[in-house]
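Chemist: The sequence and its predicted three-dimensional model are supplied below.
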Amino acid sequence: MKTKAFLVIALTLMFAAAMPAAVAQNTAAPNTENDKFLPEENLVLESAVAVNLSKDFATLPLHRGNVGGEPVWFVITDTSDEAIAEELGLNFAPKLSNITTGCPLCAQQVESKSKILGESEVTFEGKPDFSPERILKPGPTFFPPTLAQPGALADANYSPFVRVRGSDVVYNAPIVAVGDEPFDATTHTNTHDRLLAIDTDEMTVDMGLIRGSANGKDIVYLNFEASNSVTATLERSVFTPNLALSSFPNGSTRQDSARAEIFTFVNGPVGLESPPAQGITHLIRDGLNAQELSLENTELLEALRNGGDLENVFEVFPTLLDPALAQAYTPLWDLNVGVWSNAAVADGRNIALRDANRIRAVAATGELTSPGGLPLASANEVINCPALGFTNEPPLEPVVSTVATPIAAPIPDPIRAAIVSAATDPEVSAPTLPDTGGAALPNTGGVASSQD
């Protein structure tokens, strides 16, 4: 049934692209006539209509909701319920059931006539403000930037993770546009900074995707929210500070955690001429991160398609053969920020790494640390990055045998208080978090992340 539905939609889109005019489009539909698409069998998010590898975007089903009567438009990518995931073609992420452990703000309760999200209109408690201008001014060495201002801010009640009243099932349902048309898919004054096109008649949306790796294999995924303001700027995502309270930093091995680990690098190899490049410096310099993402910006689209992304590394992926590892997948990623030693950079040993356990093994030698020379561990920044699929071979098992990860303590009260203040006070745009004085939460205040 899913295969037939996919083919029908794909054929519809193909014929629509061939028409001389895009009728009833809210924003200009991209010309995809000669583009390369991800094969259907490579999708893990089976509800995706299509994944365009030539322009690096995914077409997703769109849903309508409201906040206080104002229209909002959202997508659904993951759920904690296996039967619903199978029925709707979503990623199964059982760890999402832990999203409110110690953090009621990490999920919002929504109202709907149906217990299955998306089957009828949804009333949300909160929403993002997409009106701020996204600004990134590179520093003298590109990173850290001299200025990083997110292009979207969550209000105090917003989280992409939701429960329908009367149900315990958790969904990942990020809001990607607010209000009625016309929608701005160029400077993104009322849309997500990764939104490339939206059609509220056909109920589809095109979202810029990200290229990375998991267990040594190439993957593609999405990004919607980040808990740190600099990370949100680099990721082109919604600054949602309350998510930093989610359970638990360094807790990917814990059954009561909602997180898995993702790895980014500050000073990996750079340059489109010598792939694979990897890291934040590369993203800003070669991935043209300061520019706005839109279908009109072909220079940026070309840079990203040709290796300009950060090449972040997922710890786990839904295709892993070991069920325990596959079900450790979650779209809520606990960011580890790696810094190569000066000696490693000087000798060219700061090569791209593509497997989480290999990264941990290198970190055990001391050549790769958290910022400030602390042992590589959680920065207590989280990003909402749902898996889309794999571009060639599926990740089936870790490349390197398991390396133990540290077990986190609960977030200290001063850190929690600072994050809550940022989540509830509209005047606070980026929390200044106190020093924890220990390795459990290195650099909590925010070296940035991740991917374009």
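Modeler: It's in. Numbers count the residues shown, from 1 in each chain.
Chemist: I'd assumed residue 68 was in contact with residue 124.
Modeler: No. The pair residue 124 / residue 68 is not scored as a contact, 9.0 Å apart, by C-beta atoms under 8 Å. Every residue, glycine included, has its C-beta placed from N, CA and C.
Chemist: These two - which one has more neighbours?
Modeler: residue 124 (23 against 10; other C-beta atoms under 10 Å).
Chemist: Pull the contacting residues for the more buried one.
Modeler: Applying C-beta atoms under 8 Å, 6 or more residues apart in numbering to residue 124 gives the contacts 65, 66, 67, 72, 74, 108, 110, 157, 158, 162, 175.
Chemist: hmm, which two among these are most spread apart?
Modeler: 74 and 157 (14.6 Å; C-beta to C-beta).
Chemist: Which one of these two is surrounded by more residues?
Modeler: Comparing residue 74 with residue 157 by other C-beta under 10 Å, the one with more neighbours is residue 74, at 26 against 16.
Chemist: ok so, going back, return the subset of the contacts of residue 124 lying in strands.
Modeler: 65, 66, 67, 72, 74, 108, 110, 162, 175 (DSSP state E).
Chemist: Can I get these in CSV including distance to residue 300 and pLDDT?
Modeler: Below are the ones in strands among the contacts of residue 124 laid out as CSV (distance: C-beta to C-beta, whole Å; pLDDT from 0 to 100):
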residue, distance to residue 300, pLDDT
65, 30, 97
66, 33, 97
67, 31, 97
72, 27, 98
74, 25, 98
108, 33, 96
110, 34, 97
162, 32, 98
175, 24, 98
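Chemist: Would you write a PyMOL line that selects the buried entries of those residues?
Modeler: Paste this into PyMOL to select the buried members of the ones in strands among the contacts of residue 124, with burial taken from 16 or more other C-beta atoms under 10 Å:
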select buried, resi 65+67+72+74+108+110+162+175
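Chemist: Phi first, then psi, for residue 360.
Modeler: Dihedral angles of residue 360 (phi, psi; degrees, to the nearest 10) stand at phi -60, psi -40.
Chemist: so it touches residue 376, yeah?
Modeler: Yes. Using C-beta under 8 Å, residue 360 is in contact with residue 376, at 7.4 Å.
Chemist: Find the residues that touch each one of the two.
Modeler: Listed as contacting both residue 360 and residue 376 by C-beta under 8 Å, 6+ apart is no residue at all.
Chemist: all strands of the stretch 201-350 of the chain, in order?
Modeler: Along the stretch 201-350 of the chain, counting by DSSP state E, counting those that start in this stretch, strands occupy 204-208, 210-214, 217-221, 225-226, 238-239, 260-265, 313-314, 332-340.
Chemist: Figure out which of those is closest to residue 51.
Modeler: Of all those, strand 217-221 sits nearest to residue 51, with 6.4 Å by C-beta to C-beta.
Chemist: Mind giving me the packing neighbours of the closest one?
Modeler: Applying 3 or more C-beta pairs under 8 Å, 6 or more residues apart in numbering; DSSP states H and E, one finds that strand 217-221 contacts strand 210-214, strand 387-390.
Chemist: List the contacts of the first one.
Modeler: Residues outside strand 210-214 that contact it (C-beta under 8 Å, 6+ apart) are 56, 218-223, 304, 309-317, 354-356, 385, 390-391, 395, 451-452.
Chemist: and it, how far out from the chain's middle?
Modeler: 11 Å (C-alpha atoms, centre = their mean, to the nearest Å).
Chemist: now do the shortest one
Modeler: Offset of strand 387-390 from its chain centre (C-alpha atoms, centre = their mean): 12 Å.
Chemist: For it, list every residue counted as buried.
Modeler: By neighbour count on 16+ other C-beta under 10 Å, the buried set for strand 387-390 is 387, 388, 389, 390.
Chemist: can you list those in TSV and add distance to residue 102 and pLDDT?
Modeler: Below are the buried residues of strand 387-390 laid out as TSV (distance: C-beta to C-beta, whole Å; pLDDT from 0 to 100):
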residue	distance to residue 102	pLDDT
387	25	98
388	30	98
389	33	98
390	33	98
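Chemist: As CSV, those with distance to residue 281 would be great.
Modeler: As requested, the buried residues of strand 387-390 are exported to CSV (distance: C-beta to C-beta, whole Å):
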residue, distance to residue 281
387, 26
388, 26
389, 28
390, 26
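Chemist: got a list of what residue 58 touches?
Modeler: 45, 48, 50, 51, 52, 206, 207, 209, 220, 222, 388.
Chemist: Make a PyMOL selection of whichever of those residues turn out to be buried.
Modeler: Restricted to buried positions by 16+ other C-beta under 10 Å, the PyMOL selection for these reads:
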select buried, resi 45+48+50+51+52+206+207+209+220+222+388
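Chemist: between the contacts of residue 58, which is nearest residue 400?
Modeler: Nearest to residue 400 among the contacts of residue 58, counting by C-beta to C-beta, is residue 220 at 22.8 Å.
Chemist: For residue 328, grab phi and psi.
Modeler: When read as degrees, to the nearest 10, the backbone of residue 328 gives phi -80, psi -10.
Chemist: now residue 81
Modeler: Torsion angles, degrees, to the nearest 10, at residue 81: phi -100, psi 120.
Chemist: That one touches residue 169, doesn't it?
Modeler: Yes. Contact criterion C-beta under 8 Å: residue 81 and residue 169 qualify, at 4.5 Å.
Chemist: Which one's more surrounded, those two?
Modeler: Taking neighbours as other C-beta under 10 Å, residue 81 and residue 169 compare with residue 81 leading, 21 against 18.
Chemist: ok, the more buried one to residue 92 distance?
Modeler: Going from residue 81 to residue 92 by C-beta to C-beta, to the nearest Å gives 8 Å.
Chemist: Next: residue 359.
Modeler: Taking C-beta to C-beta, one finds residue 359 at 25 Å from residue 92.
Chemist: Name the residue in these two with the higher neighbour count.
Modeler: Taking other C-beta under 10 Å, residue 359 and residue 92 do not tie; residue 359 has more neighbours (22 against 19).
Chemist: That one: which element?
Modeler: Assigning secondary structure by DSSP states H and E places residue 359 in helix 356-364.
Chemist: Now do that helix and strand 260-265, the angle between them.
Modeler: 60 degrees (axes from the mean of the first three to the mean of the last three C-alpha atoms, to 10 degrees).
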